[in-house]
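>>> for reference, the sequence and a predicted model appear below.
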Amino acid sequence: MSERPSLWWIDWRLSRGALVRETIGRFLFFCLLGFALLSLLLSGGANRFLADRYAITAVLRADVPSSEAEGLARKVAALPPVRSASYRDPEAAWKEFLLAYPGLDPLRGAGGNPIPGYIEIRIRPDRLTRADVDLVVSALRSVSLVEQVLSGEEWLPRLLRAGRIVSWVCRGIFAAFLACFFLVGRLQERARAVDLGGDFAFLAERGVPAGRLAFFRAAAAAVSGFLLAAAGTAAGGGALFLTLRAFPFLEGVIGPASDLLLPRTVAAAVLFSLGSALLSAAASLSGWRAARSGRK
Amino acid sequence: MIEGFRLGVFSRGATLWDGLDFAFGDAAAWFVAGPPSSGKTLLLSILRGERRPDAGDVLVSGESLYRGSAALARAWRASCGHVPEQTIADARLTVDDLFRRSALAGGGVRESERRDRADRLLEMVGLPGALGWRIAELSISERVRASLAAELLRGPKVLFCDGVVAGAGIPCREMLRGLFRALAREGNTVVLAERTIPERWALAAGDAAPVGPFLVYRLPVPGAGTKGEPG
């Protein structure tokens, strides 16, 4: 026999039933957290919802040829904060006007089409900030083809503030769930440390240092925490993917399912798993310490 | 050799004992008899390196257990087996759990090997097929013997037994005597702490060495010479 016993997965070796129950519970919790995390990442809180509904309208002068207007739309689309820029010629604009205000056809009779062409600019969800909107607006105002830029400057700050508050509330709820995970995990670890106190005392009496026991328990908690978080996030991601496919209208709020496989989404999931591993290890150490101080 | 020099313990506001000298030689079975509340369990925990004496020191192979390095004390504890007085502390476990825990303390025992050795050890202490039994359902005698078998799984160099002979009961005494003698013959040291020594054991051991409130006997081991003397 070796002199230094292997203490990896010692809880598993001593108390399998309790550990299996805890592991199943944690996995389900991580599925929920993974679903929430990915939804939050894709939606950016309320950003995608707002970006889907907010547009800057650049009203063009009456005499601007279509080719020049389309060229301008392409240049605007190349700006970093812009998701899309599409040109509507005066005829299309007139049809949209009639759809919005039916029964106003007589307006055209006197002097032709009174509605000018325009470019509708939509901002990327992650760039929907006052600075980026100002950047696009100032770029458009400097163009001689543009008659007027409508960007909702009066209500935009309030809208962005509301969006920020919603985003922070969403993040706060997610952080509260994480804190819950830590506290519940700590309680579970403490209960298990108390339950296995006799076994740990037995080992300590036979020359196994308590520090090694605590370290290996925490290390095992970290490894299992990482694996569970990764598996839970993958399962949560799968559920989100299926949800977005089943209910396409949710893409306007959360985002397209294809974004789940973007490198930054995957990187965030890996970071989340690493954070969960750290939290699991901290819960294990904290529970161990609480159990020992309670016993003294 | 385990040596205790001028050992003293102060307990419950009074001196339990002081200035006691012990010398337990290797490859022998030692019997420490003492009245109730004389500090037998305390003496064993001091000799195991669990409880620092309030006076004196314990030397193992010439090195201080309490004034030496922590690594030495840990290595010593790792080489020891300990069968405590039976309590209800492990009632939730099964006999198999005792062996699993003991194997963990020893390290590196494969599951199949552990089960095989556990079966043989249980048979040796008169508990064949007891691996799946719950500790809560065992009698005191069975608990003592199961704990002893679980400790022997690791093959400890030194075995401390607290109240094992009394706990195991009269029908098991001779089996235990034979077991302890066999262990000593194989080079292990056994230290037993009991309230009284069975008459036949005392007759075979000869004169006891009085050390404070204790009487220390060296049980005869066929084919082994004396390597240490108490007091």
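Arrived safely.
>>> need the contact list for A:Val143.
Under the criterion of C-beta atoms under 8 Å, 6 or more residues apart in numbering or on different chains, the neighbours of A:Val143 are A:58, A:72. In short, each C-beta sits where N, CA and C put it, glycine included.
>>> quick one: classify it as helix, strand or coil.
Under DSSP: H, G, I helix; E, B strand; the rest coil, the three-state class of A:Val143 is coil.
>>> over to B:Val191: give its phi and psi.
With angles defined as degrees, to the nearest 10, B:Val191 sits at phi -120, psi 120.
>>> what about B:Gly126, neighbour count?
When neighbours are defined as other C-beta atoms under 10 Å in any protein chain shown, B:Gly126 has 16 of them.
>>> how about the one 5 residues further on?
Other residues within reach of B:Leu131 by the criterion other C-beta under 10 Å amount to 17.
>>> let me see the contact set for the residue lying closest to it once chain neighbours are set aside.
Distances taken as C-beta to C-beta, 6 or more residues apart in numbering or on different chains put B:Asp96 closest to B:Leu131, at 4.7 Å, once the chain neighbours are dropped. B:Asp96 is in contact with B:118, B:131-132, counting by C-beta under 8 Å, 6+ apart.
>>> which parts of chain B sit against chain A?
Contact residues (C-beta under 8 Å from any C-beta of the partner chain) of chain B with chain A: B:48, B:50, B:73-82, B:89-90, B:97, B:100-101, B:104-109, B:154-155.
>>> in strands only, show me those residues.
Those of the residues of chain B next to chain A mapping onto strands are B:80-82, per DSSP state E.
>>> what is the nearest of the contacts of B:Asp96 to chain A?
Proximity of the contacts of B:Asp96 to chain A was ranked by C-beta to the nearest C-beta; the top entry is B:Ala118 with 14.3 Å.
>>> and the pLDDT at A:Arg4?
Note on A:Arg4: pLDDT of 51.
>>> again, but for the one 10 residues further on
Model confidence at A:Leu14, expressed as pLDDT, equals 78.
>>> for it, grab phi and psi.
phi -90, psi -30.
>>> what's around B:Arg134, how many residues?
For B:Arg134, using other C-beta under 10 Å, the count is 13.
>>> and it, how far from chain A?
Distance of B:Arg134 to chain A, computed by C-beta to the nearest C-beta, to the nearest Å: 14 Å.
>>> next up, the contacts around the nearest residue to that residue once chain neighbours are set aside.
Of all residues not flanking B:Arg134 in the chain, B:Thr94 sits nearest, at 5.3 Å (C-beta to C-beta, 6+ apart). Applying C-beta under 8 Å, 6+ apart, we find B:Thr94 in contact with B:131-135.
>>> reformat those residues as CSV; add pLDDT.
As requested, the contacts of B:Thr94 are arranged in CSV below (pLDDT from 0 to 100):
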residue, pLDDT
B:Leu131, 88
B:Gly132, 88
B:Trp133, 91
B:Arg134, 90
B:Ile135, 88
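>>> which of the three states applies to B:Cys161?
strand.
>>> residue in the stretch 151-296 of chain A with the shortest distance to chain B?
Going by C-beta to the nearest C-beta, chain B is nearest to A:Gly207 of the stretch 151-296 of chain A, at 3.2 Å.
>>> ok so that residue is a strand residue?
No. Assigned with three-state DSSP, A:Gly207 falls outside any strand and is coil.
>>> my read: it touches B:Ala75, true?
Yes. If you go by C-beta atoms under 8 Å, A:Gly207 and B:Ala75 touch, sitting 6.5 Å apart.
>>> what about residue 215, how many residues nearby?
Assuming you mean chain A. 16.
>>> not quite, go with chain B.
20.
>>> which residues touch it?
Contacts of B:Leu215 (C-beta under 8 Å, 6+ apart): B:32-34, B:197, B:208-209.
>>> thinking again about what came up before, restricted to helices, list the contacts of B:Asp96.
Using DSSP state H, B:Ala118 are the members of the contacts of B:Asp96 that sit in helices.
>>> can you redo the contacts of B:Asp96 as JSON lines with distance to A:Leu98?
Below are the contacts of B:Asp96 laid out as JSON lines (distance: C-beta to C-beta, whole Å):
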{"residue": "B:Ala118", "distance to A:Leu98": "89"}
{"residue": "B:Leu131", "distance to A:Leu98": "88"}
{"residue": "B:Gly132", "distance to A:Leu98": "85"}
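>>> A:Leu178: which element?
helix A:156-195 (DSSP states H and E).
>>> quick one: average pLDDT of that helix?
Rounded mean pLDDT across helix A:156-195 is 88.
>>> just give me the closest of the ones in strands among the residues of chain B next to chain A to A:Trp155.
Closest approach to A:Trp155 among those (C-beta to C-beta): B:His82, at 77.7 Å.
>>> ok, that closest one to A:Pro90 distance?
Separation of B:His82 from A:Pro90 (C-beta to C-beta, to the nearest Å): 96 Å.
>>> you'd agree B:Pro36 is in a strand?
No. B:Pro36 is assigned coil when assessed by three-state DSSP, not a strand.
>>> returning to that earlier point: report the buried members of the contacts of B:Leu215.
B:32-34, B:197, B:208 (16 or more other C-beta atoms under 10 Å in any protein chain shown).
>>> quick one: contacts of stretch A:264-284?
A:30, A:33-34, A:37-38, A:41-42, A:178, A:181-182, A:185-186, A:188-189, A:214, A:217-226, A:228-230, A:233-234, A:237, A:259.
>>> now stretch A:130-146: buried residues?
A:132-133, A:135-137, A:139-140, A:145-146.
>>> count the residues that sit near the residue nearest to B:Leu153 when sequence neighbours are not counted.
If the residues on either side of it in the chain are set aside, B:Leu153 comes closest to B:Ser102, at 4.8 Å by C-beta to C-beta, 6+ apart. Neighbour count of B:Ser102, defined by other C-beta under 10 Å: 25.
>>> surely B:Ser102 and B:Pro156 touch.
No. Judged on C-beta under 8 Å, B:Ser102 makes no contact with B:Pro156 at a distance of 9.5 Å.
>>> got a list of what the residue nearest the centre of chain B touches?
Centroid-nearest residue in chain B: B:Phe160, 1.4 Å away (criterion: C-alpha atoms, centre = their mean). Going by C-beta under 8 Å, 6+ apart, B:Phe160 touches B:44, B:47-48, B:80-83, B:191, B:193.
>>> and stretch A:196-205, which residues are buried?
Buried-residue list, stretch A:196-205, by 16+ other C-beta under 10 Å: A:196, A:198-200, A:202-205.
>>> on that earlier part again, so which of the buried residues of stretch A:130-146 is the closest to A:Ser84?
A:Val136 (12.0 Å).
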